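Enquirer: The amino acid sequence is not available; the structure is as follows:
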(Lines give C-alpha, C1' and ligand atoms only; values in the text may rest on other atoms or scores of the structure.)
Protein backbone atom coordinates (compact mmCIF):
# COMPACT_ATOMS: atom_id res chain seq x y z
CA UNK A 1 0.00 0.00 0.00
CA UNK A 2 1.35 3.45 -0.86
CA UNK A 3 1.86 5.93 1.98
CA UNK A 4 -1.10 8.15 0.95
CA UNK A 5 -3.32 5.07 0.66
CA UNK A 6 -2.14 3.89 4.07
CA UNK A 7 -2.79 7.25 5.67
CA UNK A 8 -6.23 7.37 4.08
CA UNK A 9 -6.92 3.91 5.45
CA UNK A 10 -5.72 4.91 8.90
CA UNK A 11 -7.78 8.10 8.81
CA UNK A 12 -10.86 6.11 7.91
CA UNK A 13 -10.35 4.09 11.07
CA UNK A 14 -10.35 0.35 11.57
CA UNK A 15 -14.00 0.04 10.60
CA UNK A 16 -13.83 2.46 7.71
CA UNK A 17 -14.41 1.33 4.15
CA UNK A 18 -10.83 2.17 3.22
CA UNK A 19 -9.38 -0.25 5.76
CA UNK A 20 -7.53 -2.84 3.72
CA UNK A 21 -8.34 -6.53 3.91
CA UNK A 22 -6.28 -8.62 6.32
CA UNK A 23 -3.44 -10.77 5.07
CA UNK A 24 -4.13 -14.50 5.27
CA UNK A 25 -1.29 -16.47 6.86
CA UNK A 26 -1.62 -20.23 6.40
CA UNK A 27 0.69 -22.55 8.33
CA UNK A 28 1.21 -26.02 9.71
CA UNK A 29 2.64 -26.25 13.22
CA UNK A 30 5.05 -28.98 12.05
CA UNK A 31 6.65 -26.68 9.46
CA UNK A 32 9.84 -24.86 10.53
CA UNK A 33 9.28 -22.28 7.82
CA UNK A 34 5.77 -21.74 9.18
CA UNK A 35 7.37 -21.08 12.57
CA UNK A 36 9.89 -18.66 11.05
CA UNK A 37 7.08 -16.77 9.30
CA UNK A 38 4.99 -16.63 12.49
CA UNK A 39 7.79 -14.59 14.08
CA UNK A 40 7.67 -11.87 11.40
CA UNK A 41 4.36 -11.63 9.60
CA UNK A 42 2.42 -9.47 12.07
CA UNK A 43 5.19 -6.89 12.36
CA UNK A 44 5.63 -6.82 8.59
CA UNK A 45 1.90 -6.40 8.02
CA UNK A 46 1.60 -3.69 10.68
CA UNK A 47 4.19 -1.57 8.86
CA UNK A 48 1.71 -1.47 5.98
CA UNK A 49 -1.34 -0.88 8.18
CA UNK A 50 -2.52 -4.46 7.74
CA UNK A 51 -3.93 -7.06 10.07
CA UNK A 52 -3.08 -10.76 9.74
CA UNK A 53 -5.57 -13.63 9.89
CA UNK A 54 -3.87 -16.82 11.00
CA UNK A 55 -5.15 -20.13 9.61
CA UNK A 56 -3.91 -23.67 10.26
CA UNK A 57 -3.74 -26.11 7.37
CA UNK A 58 -2.36 -29.63 7.22
CA UNK A 59 0.41 -30.32 4.72
CA UNK A 60 -0.40 -34.00 5.26
CA UNK A 61 -3.60 -33.26 3.36
CA UNK A 62 -2.62 -30.49 0.95
CA UNK A 63 0.88 -31.60 -0.05
CA UNK A 64 0.66 -35.36 0.46
CA UNK A 65 -2.92 -36.15 -0.53
CA UNK A 66 -4.04 -33.34 -2.86
CA UNK A 67 -0.70 -32.68 -4.58
CA UNK A 68 0.39 -36.33 -4.37
CA UNK A 69 3.89 -35.50 -3.16
CA UNK A 70 6.15 -37.26 -0.68
CA UNK A 71 7.07 -35.47 2.55
CA UNK A 72 9.68 -32.94 1.43
CA UNK A 73 12.32 -33.90 4.02
CA UNK A 74 12.19 -37.45 2.63
CA UNK A 75 12.33 -36.36 -1.01
CA UNK A 76 15.77 -37.02 -2.55
CA UNK A 77 17.80 -33.83 -3.12
CA UNK A 78 15.00 -31.65 -1.70
CA UNK A 79 15.52 -32.95 1.85
CA UNK A 80 19.20 -31.99 1.87
CA UNK A 81 18.40 -28.61 0.34
CA UNK A 82 15.75 -27.89 2.97
CA UNK A 83 18.25 -28.61 5.74
CA UNK A 84 20.67 -26.09 4.20
CA UNK A 85 17.90 -23.55 3.72
CA UNK A 86 16.76 -23.89 7.33
CA UNK A 87 20.33 -23.54 8.65
CA UNK A 88 20.92 -20.45 6.47
CA UNK A 89 17.65 -18.88 7.58
CA UNK A 90 18.42 -19.55 11.24
CA UNK A 91 21.82 -17.90 10.98
CA UNK A 92 20.50 -14.90 9.06
CA UNK A 93 17.63 -14.22 11.45
CA UNK A 94 19.12 -15.54 14.67
CA UNK A 95 16.40 -18.11 15.30
CA UNK A 96 17.20 -21.15 17.45
CA UNK A 97 15.49 -24.48 16.81
CA UNK A 98 15.35 -27.18 19.46
CA UNK A 99 14.76 -29.98 16.97
CA UNK A 100 16.71 -31.00 13.89
CA UNK A 101 15.33 -30.29 10.44
CA UNK A 102 13.92 -33.44 8.93
CA UNK A 103 13.20 -35.19 12.25
CA UNK A 104 9.88 -37.06 12.29
CA UNK A 105 7.18 -34.48 12.97
CA UNK A 106 4.65 -34.70 15.77
CA UNK A 107 1.02 -35.35 14.98
CA UNK A 108 -0.24 -31.79 14.43
CA UNK A 109 -3.96 -32.65 14.69
CA UNK A 110 -4.69 -31.80 18.36
CA UNK A 111 -2.93 -28.41 18.17
CA UNK A 112 -4.42 -27.56 14.77
CA UNK A 113 -7.93 -28.62 15.78
CA UNK A 114 -7.74 -26.64 18.97
CA UNK A 115 -6.50 -23.58 17.08
CA UNK A 116 -9.32 -23.91 14.53
CA UNK A 117 -11.79 -23.97 17.41
CA UNK A 118 -10.17 -21.02 19.20
CA UNK A 119 -10.23 -18.92 16.01
CA UNK A 120 -14.00 -19.13 16.06
CA UNK A 121 -14.80 -19.18 19.76
CA UNK A 122 -11.89 -17.29 21.39
CA UNK A 123 -10.60 -15.11 18.53
CA UNK A 124 -8.86 -12.69 20.88
CA UNK A 125 -6.69 -15.51 22.31
CA UNK A 126 -6.19 -17.73 19.27
CA UNK A 127 -3.04 -16.13 17.91
CA UNK A 128 -1.35 -16.18 21.32
CA UNK A 129 -2.15 -19.89 21.53
CA UNK A 130 -0.65 -20.54 18.10
CA UNK A 131 2.50 -18.62 19.03
CA UNK A 132 2.79 -20.68 22.21
CA UNK A 133 2.47 -23.93 20.25
CA UNK A 134 5.10 -22.81 17.73
CA UNK A 135 7.46 -21.76 20.52
CA UNK A 136 6.88 -24.91 22.54
CA UNK A 137 7.43 -27.21 19.60
CA UNK A 138 10.25 -25.45 17.76
CA UNK A 139 12.08 -23.31 20.34
CA UNK A 140 11.63 -25.61 23.34
CA UNK A 141 11.49 -28.95 21.58
CA UNK A 142 8.37 -30.17 23.37
CA UNK A 143 6.02 -32.77 21.94
CA UNK A 144 2.59 -31.18 21.67
CA UNK A 145 0.67 -34.00 20.06
CA UNK A 146 -1.62 -34.83 23.00
CA UNK A 147 -4.47 -32.73 24.37
CA UNK A 148 -2.89 -32.62 27.84
CA UNK A 149 0.40 -31.36 26.37
CA UNK A 150 -1.46 -28.29 25.13
CA UNK A 151 -2.41 -27.10 28.61
CA UNK A 152 0.65 -24.87 28.93
CA UNK A 153 0.00 -23.20 25.59
CA UNK A 154 -3.57 -22.53 26.67
CA UNK A 155 -2.37 -20.89 29.87
CA UNK A 156 0.19 -18.78 28.02
CA UNK A 157 -2.73 -17.56 25.89
CA UNK A 158 -4.73 -16.70 29.03
CA UNK A 159 -7.17 -19.54 28.45
CA UNK A 160 -8.27 -22.19 30.96
CA UNK A 161 -5.89 -25.16 30.69
CA UNK A 162 -8.72 -27.67 31.01
CA UNK A 163 -10.48 -26.20 27.98
CA UNK A 164 -7.98 -27.96 25.69
CA UNK A 165 -9.16 -31.44 26.61
CA UNK A 166 -12.80 -30.39 26.71
CA UNK A 167 -12.66 -28.94 23.19
CA UNK A 168 -10.74 -31.89 21.77
CA UNK A 169 -13.20 -34.39 23.23
CA UNK A 170 -16.01 -32.89 21.15
CA UNK A 171 -16.33 -33.30 17.37
CA UNK A 172 -16.64 -29.59 16.55
CA UNK A 173 -12.90 -28.83 16.60
CA UNK A 174 -12.15 -31.55 14.04
CA UNK A 175 -14.97 -30.29 11.83
CA UNK A 176 -13.70 -26.71 12.04
CA UNK A 177 -10.18 -27.81 11.05
CA UNK A 178 -11.56 -29.78 8.12
CA UNK A 179 -13.37 -26.63 6.99
CA UNK A 180 -10.14 -24.67 7.25
CA UNK A 181 -8.16 -27.21 5.23
CA UNK A 182 -10.91 -27.29 2.61
CA UNK A 183 -10.81 -23.50 2.52
CA UNK A 184 -7.04 -23.54 2.08
CA UNK A 185 -7.36 -25.85 -0.91
CA UNK A 186 -10.18 -23.76 -2.37
CA UNK A 187 -8.03 -20.64 -1.96
CA UNK A 188 -5.02 -22.36 -3.60
CA UNK A 189 -2.93 -22.49 -0.41
CA UNK A 190 -0.90 -25.67 -0.03
CA UNK A 191 2.39 -25.17 1.82
CA UNK A 192 3.57 -23.56 5.01
CA UNK A 193 3.85 -20.65 5.17
CA UNK A 194 1.42 -19.49 2.52
CA UNK A 195 0.16 -15.91 2.37
CA UNK A 196 -2.72 -14.37 0.46
CA UNK A 197 -2.75 -10.59 0.07
CA UNK A 198 -5.77 -9.15 -1.71
CA UNK A 199 -6.06 -12.39 -3.67
CA UNK A 200 -2.34 -12.59 -4.53
CA UNK A 201 -0.65 -15.80 -3.28
CA UNK A 202 2.87 -15.94 -1.84
CA UNK A 203 4.41 -19.27 -0.89
CA UNK A 204 7.38 -19.66 1.43
CA UNK A 205 9.17 -17.62 4.04
CA UNK A 206 11.73 -16.66 1.38
CA UNK A 207 8.97 -14.64 -0.27
CA UNK A 208 8.36 -12.35 2.72
CA UNK A 209 10.61 -9.67 1.23
CA UNK A 210 8.64 -9.84 -2.02
CA UNK A 211 5.37 -9.67 -0.08
CA UNK A 212 6.75 -6.63 1.76
CA UNK A 213 7.53 -4.96 -1.57
CA UNK A 214 4.07 -5.90 -2.87
CA UNK A 215 2.41 -4.22 0.10
CA UNK A 216 4.67 -1.18 -0.21
CA UNK A 217 3.92 -0.68 -3.89
CA UNK A 218 0.29 -1.75 -3.72
CA UNK A 219 1.01 -4.64 -6.05
CA UNK A 220 2.13 -4.49 -9.66
CA UNK B 1 32.27 -10.33 -1.35
CA UNK B 2 33.26 -7.13 0.45
CA UNK B 3 34.62 -4.24 -1.61
CA UNK B 4 38.21 -4.61 -0.31
CA UNK B 5 38.10 -8.36 -0.99
CA UNK B 6 36.77 -7.68 -4.46
CA UNK B 7 39.45 -5.15 -5.24
CA UNK B 8 42.09 -7.53 -3.97
CA UNK B 9 40.67 -10.22 -6.21
CA UNK B 10 40.62 -7.90 -9.19
CA UNK B 11 44.19 -6.79 -8.48
CA UNK B 12 45.32 -10.38 -8.36
CA UNK B 13 43.97 -10.79 -11.88
CA UNK B 14 41.76 -13.52 -13.27
CA UNK B 15 44.41 -16.18 -12.71
CA UNK B 16 45.43 -14.94 -9.26
CA UNK B 17 44.89 -17.06 -6.18
CA UNK B 18 42.54 -14.47 -4.71
CA UNK B 19 40.10 -14.71 -7.61
CA UNK B 20 36.91 -16.12 -6.17
CA UNK B 21 35.34 -19.28 -7.50
CA UNK B 22 32.70 -18.89 -10.20
CA UNK B 23 29.03 -19.19 -9.40
CA UNK B 24 27.41 -22.31 -10.80
CA UNK B 25 24.15 -21.61 -12.61
CA UNK B 26 22.13 -24.75 -13.39
CA UNK B 27 19.13 -24.51 -15.68
CA UNK B 28 16.81 -26.37 -18.00
CA UNK B 29 15.89 -24.61 -21.25
CA UNK B 30 12.23 -25.59 -20.74
CA UNK B 31 12.03 -23.74 -17.40
CA UNK B 32 10.66 -20.18 -17.54
CA UNK B 33 12.35 -19.42 -14.23
CA UNK B 34 15.63 -20.66 -15.71
CA UNK B 35 15.09 -18.18 -18.54
CA UNK B 36 14.34 -15.36 -16.10
CA UNK B 37 17.52 -16.15 -14.16
CA UNK B 38 19.61 -16.28 -17.34
CA UNK B 39 18.74 -12.62 -17.94
CA UNK B 40 20.16 -11.50 -14.57
CA UNK B 41 22.76 -13.83 -13.13
CA UNK B 42 25.85 -12.60 -15.00
CA UNK B 43 25.18 -8.95 -14.20
CA UNK B 44 24.48 -9.81 -10.57
CA UNK B 45 27.67 -11.87 -10.28
CA UNK B 46 29.78 -9.20 -11.99
CA UNK B 47 28.76 -6.65 -9.35
CA UNK B 48 30.52 -8.93 -6.86
CA UNK B 49 33.53 -9.62 -9.08
CA UNK B 50 32.30 -13.12 -9.88
CA UNK B 51 32.15 -15.17 -13.04
CA UNK B 52 29.25 -17.53 -13.77
CA UNK B 53 29.55 -21.10 -15.04
CA UNK B 54 26.43 -22.12 -16.92
CA UNK B 55 25.35 -25.77 -16.75
CA UNK B 56 22.34 -27.47 -18.33
CA UNK B 57 20.46 -30.09 -16.34
CA UNK B 58 17.25 -31.94 -17.15
CA UNK B 59 14.36 -31.58 -14.71
CA UNK B 60 12.89 -34.64 -16.43
CA UNK B 61 15.70 -36.58 -14.74
CA UNK B 62 16.29 -34.67 -11.50
CA UNK B 63 12.73 -33.75 -10.54
CA UNK B 64 10.73 -36.50 -12.21
CA UNK B 65 13.03 -39.52 -11.88
CA UNK B 66 15.34 -38.82 -8.93
CA UNK B 67 12.87 -36.89 -6.77
CA UNK B 68 9.88 -38.89 -7.97
CA UNK B 69 7.68 -35.85 -8.50
CA UNK B 70 5.11 -35.05 -11.14
CA UNK B 71 5.74 -32.17 -13.56
CA UNK B 72 5.04 -29.09 -11.44
CA UNK B 73 2.64 -27.43 -13.92
CA UNK B 74 0.50 -30.59 -13.71
CA UNK B 75 0.65 -30.83 -9.91
CA UNK B 76 -2.65 -29.77 -8.29
CA UNK B 77 -2.45 -26.37 -6.56
CA UNK B 78 1.23 -25.95 -7.53
CA UNK B 79 0.42 -25.52 -11.22
CA UNK B 80 -1.97 -22.64 -10.57
CA UNK B 81 0.51 -21.06 -8.16
CA UNK B 82 3.33 -21.27 -10.70
CA UNK B 83 1.20 -19.48 -13.28
CA UNK B 84 0.59 -16.64 -10.78
CA UNK B 85 4.26 -16.54 -9.84
CA UNK B 86 5.34 -16.34 -13.48
CA UNK B 87 2.84 -13.57 -14.25
CA UNK B 88 3.97 -11.61 -11.17
CA UNK B 89 7.63 -12.02 -12.08
CA UNK B 90 6.99 -10.91 -15.67
CA UNK B 91 5.21 -7.76 -14.56
CA UNK B 92 7.85 -6.90 -11.96
CA UNK B 93 10.79 -7.37 -14.29
CA UNK B 94 9.15 -6.47 -17.60
CA UNK B 95 9.89 -9.79 -19.28
CA UNK B 96 7.70 -10.91 -22.17
CA UNK B 97 7.03 -14.61 -22.79
CA UNK B 98 5.83 -15.87 -26.14
CA UNK B 99 4.40 -19.09 -24.72
CA UNK B 100 1.90 -19.65 -21.92
CA UNK B 101 3.07 -21.00 -18.57
CA UNK B 102 2.16 -24.64 -18.27
CA UNK B 103 2.07 -25.34 -22.02
CA UNK B 104 3.61 -28.69 -22.97
CA UNK B 105 7.37 -28.16 -23.09
CA UNK B 106 9.56 -28.94 -26.08
CA UNK B 107 12.01 -31.82 -25.91
CA UNK B 108 15.06 -30.09 -24.42
CA UNK B 109 17.56 -32.82 -25.32
CA UNK B 110 19.04 -31.49 -28.58
CA UNK B 111 19.61 -27.99 -27.19
CA UNK B 112 20.94 -29.28 -23.85
CA UNK B 113 23.24 -31.85 -25.49
CA UNK B 114 24.60 -29.25 -27.87
CA UNK B 115 25.19 -26.83 -25.02
CA UNK B 116 26.99 -29.53 -23.00
CA UNK B 117 29.25 -30.14 -26.01
CA UNK B 118 29.88 -26.44 -26.62
CA UNK B 119 30.82 -25.89 -22.96
CA UNK B 120 33.74 -28.27 -23.46
CA UNK B 121 34.72 -27.62 -27.06
CA UNK B 122 33.69 -24.00 -27.70
CA UNK B 123 33.64 -22.50 -24.19
CA UNK B 124 33.91 -18.92 -25.47
CA UNK B 125 30.67 -19.32 -27.48
CA UNK B 126 28.64 -21.62 -25.25
CA UNK B 127 26.91 -18.99 -23.14
CA UNK B 128 25.88 -16.97 -26.19
CA UNK B 129 24.37 -20.14 -27.62
CA UNK B 130 22.41 -20.79 -24.43
CA UNK B 131 21.11 -17.21 -24.39
CA UNK B 132 20.01 -17.59 -28.01
CA UNK B 133 18.15 -20.81 -27.20
CA UNK B 134 16.42 -19.21 -24.20
CA UNK B 135 15.45 -16.16 -26.26
CA UNK B 136 14.29 -18.24 -29.21
CA UNK B 137 12.17 -20.53 -27.08
CA UNK B 138 10.76 -18.13 -24.50
CA UNK B 139 10.83 -14.66 -26.11
CA UNK B 140 10.16 -15.69 -29.71
CA UNK B 141 8.11 -18.82 -29.08
CA UNK B 142 10.08 -21.01 -31.49
CA UNK B 143 10.27 -24.78 -31.17
CA UNK B 144 13.92 -25.70 -30.80
CA UNK B 145 13.63 -29.44 -30.34
CA UNK B 146 15.27 -30.51 -33.59
CA UNK B 147 18.94 -30.20 -34.52
CA UNK B 148 18.11 -28.11 -37.60
CA UNK B 149 16.06 -25.70 -35.50
CA UNK B 150 19.23 -24.87 -33.55
CA UNK B 151 21.08 -23.48 -36.57
CA UNK B 152 19.99 -19.91 -35.89
CA UNK B 153 21.12 -20.08 -32.27
CA UNK B 154 24.49 -21.35 -33.46
CA UNK B 155 24.82 -18.44 -35.84
CA UNK B 156 23.85 -15.92 -33.18
CA UNK B 157 26.66 -17.40 -31.10
CA UNK B 158 29.12 -16.95 -34.00
CA UNK B 159 29.32 -20.70 -34.59
CA UNK B 160 28.90 -22.53 -37.91
CA UNK B 161 25.22 -23.44 -38.32
CA UNK B 162 26.04 -26.87 -39.69
CA UNK B 163 28.00 -27.75 -36.57
CA UNK B 164 24.72 -28.29 -34.67
CA UNK B 165 23.69 -31.31 -36.71
CA UNK B 166 27.23 -32.65 -36.88
CA UNK B 167 27.61 -32.59 -33.10
CA UNK B 168 24.17 -34.08 -32.46
CA UNK B 169 24.82 -36.93 -34.90
CA UNK B 170 27.73 -38.14 -32.73
CA UNK B 171 27.35 -39.79 -29.32
CA UNK B 172 29.69 -37.47 -27.43
CA UNK B 173 27.16 -34.67 -26.86
CA UNK B 174 24.69 -37.05 -25.20
CA UNK B 175 27.46 -38.45 -23.00
CA UNK B 176 28.57 -34.97 -21.96
CA UNK B 177 25.01 -34.01 -21.00
CA UNK B 178 24.63 -37.22 -18.98
CA UNK B 179 27.81 -36.27 -17.13
CA UNK B 180 26.41 -32.82 -16.43
CA UNK B 181 23.12 -34.17 -15.11
CA UNK B 182 24.99 -36.68 -12.95
CA UNK B 183 27.15 -33.82 -11.67
CA UNK B 184 24.06 -31.76 -10.88
CA UNK B 185 22.62 -34.59 -8.81
CA UNK B 186 25.96 -35.15 -7.06
CA UNK B 187 26.12 -31.42 -6.25
CA UNK B 188 22.55 -31.43 -4.94
CA UNK B 189 21.13 -29.31 -7.78
CA UNK B 190 17.67 -30.37 -8.91
CA UNK B 191 15.53 -27.49 -10.15
CA UNK B 192 15.85 -24.60 -12.55
CA UNK B 193 17.37 -22.21 -11.79
CA UNK B 194 19.72 -23.61 -9.17
CA UNK B 195 22.82 -21.72 -8.05
CA UNK B 196 25.83 -22.87 -6.07
CA UNK B 197 28.05 -20.19 -4.54
CA UNK B 198 31.13 -21.44 -2.72
CA UNK B 199 29.25 -24.64 -1.89
CA UNK B 200 26.07 -22.86 -0.78
CA UNK B 201 22.94 -23.88 -2.76
CA UNK B 202 20.20 -21.44 -3.80
CA UNK B 203 17.09 -22.72 -5.56
CA UNK B 204 14.75 -20.56 -7.57
CA UNK B 205 14.79 -17.16 -9.22
CA UNK B 206 13.03 -15.77 -6.15
CA UNK B 207 16.25 -16.41 -4.26
CA UNK B 208 18.41 -14.13 -6.44
CA UNK B 209 18.04 -11.26 -3.97
CA UNK B 210 19.17 -13.56 -1.15
CA UNK B 211 22.09 -14.76 -3.27
CA UNK B 212 22.98 -11.12 -3.93
CA UNK B 213 22.99 -10.44 -0.20
CA UNK B 214 25.07 -13.59 0.39
CA UNK B 215 27.71 -12.39 -2.06
CA UNK B 216 27.69 -8.89 -0.62
CA UNK B 217 28.17 -10.10 2.94
CA UNK B 218 30.47 -12.98 2.07
CA UNK B 219 27.97 -15.44 3.48
CA UNK B 220 26.73 -15.76 7.05
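Expert: Nice, I can see it. Since we're looking at a predicted model, the values are computed, not measured.
Enquirer: nearest residue to the residue nearest to the spatial centre of chain A other than its sequence neighbours?
Expert: Central residue of chain A (CA atoms, centre = their mean): residue A:27, 3.2 Å from the mean position. The shortest distance from residue A:27 to any non-neighbouring residue, by CB to CB, 6 or more residues apart in numbering or on different chains, is to residue A:34 (3.5 Å). For every residue, glycine as well, the C-beta is placed using N, CA and C.
Enquirer: What about that neighbour, how many residues nearby?
Expert: Neighbours of residue A:34 under the rule other CB atoms under 10 Å in any protein chain shown: 24.
Enquirer: With residue A:44 instead?
Expert: When neighbours are counted by other CB under 10 Å, residue A:44 comes out with 18.
Enquirer: which residues touch the nearest residue to residue A:42 once chain neighbours are set aside?
Expert: Spatial nearest neighbour of residue A:42, chain neighbours left out: residue A:52 (5.1 Å); criterion: CB to CB, 6+ apart. The contact partners of residue A:52, by CB atoms under 8 Å, 6 or more residues apart in numbering or on different chains, come to A:22, A:23, A:24, A:25, A:41, A:42, A:45.
Enquirer: And the fifth one, how far from residue A:51?
Expert: To tie it back to what came earlier, the one meant is residue A:41. 11 Å (CB to CB, to the nearest Å).
Enquirer: Restricted to strands, list the contacts of residue A:52.
Expert: Those of the contacts of residue A:52 mapping onto strands are A:23, A:24, A:25, per DSSP state E.
Enquirer: who's the last one bridged to?
Expert: If I follow you right, that is residue A:25. With DSSP bridges applied, residue A:25 shows beta-bridge pairing to residue A:54, residue A:195.
Enquirer: Show me which residues of chain A are close to chain B?
Expert: Contact residues, chain A versus chain B (CB under 8 Å from any CB of the partner chain): A:62, A:66-70, A:75-78, A:80-81, A:84-85, A:88, A:91-92, A:185, A:188-190, A:200-201, A:203-204, A:206-207, A:209-210, A:220.
Enquirer: Check those for burial and list the buried ones.
Expert: By neighbour count, with 16 or more other CB atoms under 10 Å in any protein chain shown, the residues of chain A next to chain B hold A:62, A:66-67, A:69, A:75-78, A:80-81, A:84-85, A:88, A:185, A:188-190, A:201, A:203-204, A:206-207, A:210 as buried.
Enquirer: Give the phi and psi angles for the residue nearest to the centre of chain A, as a check.
Expert: Main-chain dihedrals, residue A:27, degrees, to the nearest 10: phi -150, psi 160.
Enquirer: Return the residues in contact with it.
Expert: By CB under 8 Å, 6+ apart, the neighbours of residue A:27 are A:34, A:35, A:37, A:38, A:54, A:55, A:56, A:57, A:130, A:192, A:193, A:194.
Enquirer: rewinding a little: give me the more crowded residue out of residue A:41 and residue A:51.
Expert: It is residue A:41, of residue A:41 and residue A:51, that has more neighbours when counted by other CB under 10 Å, with 21 against 13.
Enquirer: measure that one to chain B for me?
Expert: Residue A:41 sits at a distance of 17 Å from chain B (criterion: CB to the nearest CB, to the nearest Å).
Enquirer: Verify the stated contact: that residue with residue A:193.
Expert: Yes: with contacts counted by CB atoms under 8 Å, residue A:41 reaches residue A:193, the gap being 7.4 Å.
Enquirer: tell me, what's touching these two both at once?
Expert: residue A:25.
Enquirer: Sticking with the closest residue to residue A:30 other than its chain neighbours, tell me its helix or strand.
Expert: Among residues not flanking residue A:30 along the chain, residue A:105 sits closest, at 3.8 Å (CB to CB, 6+ apart). Under DSSP states H and E, no helix or strand contains residue A:105.
Enquirer: In stretch A:101-109, which residues are buried?
Expert: A:101, A:102, A:105, A:106, A:108, A:109.
Enquirer: State the pair within those that is farthest apart.
Expert: With CB to CB as the measure, no two of these lie farther apart than A:101 and A:109, at 21.7 Å.
Enquirer: Residue ranges in chain A under the pLDDT threshold?
Expert: For chain A, the stretches flagged by pLDDT under 70 are A:1-18.
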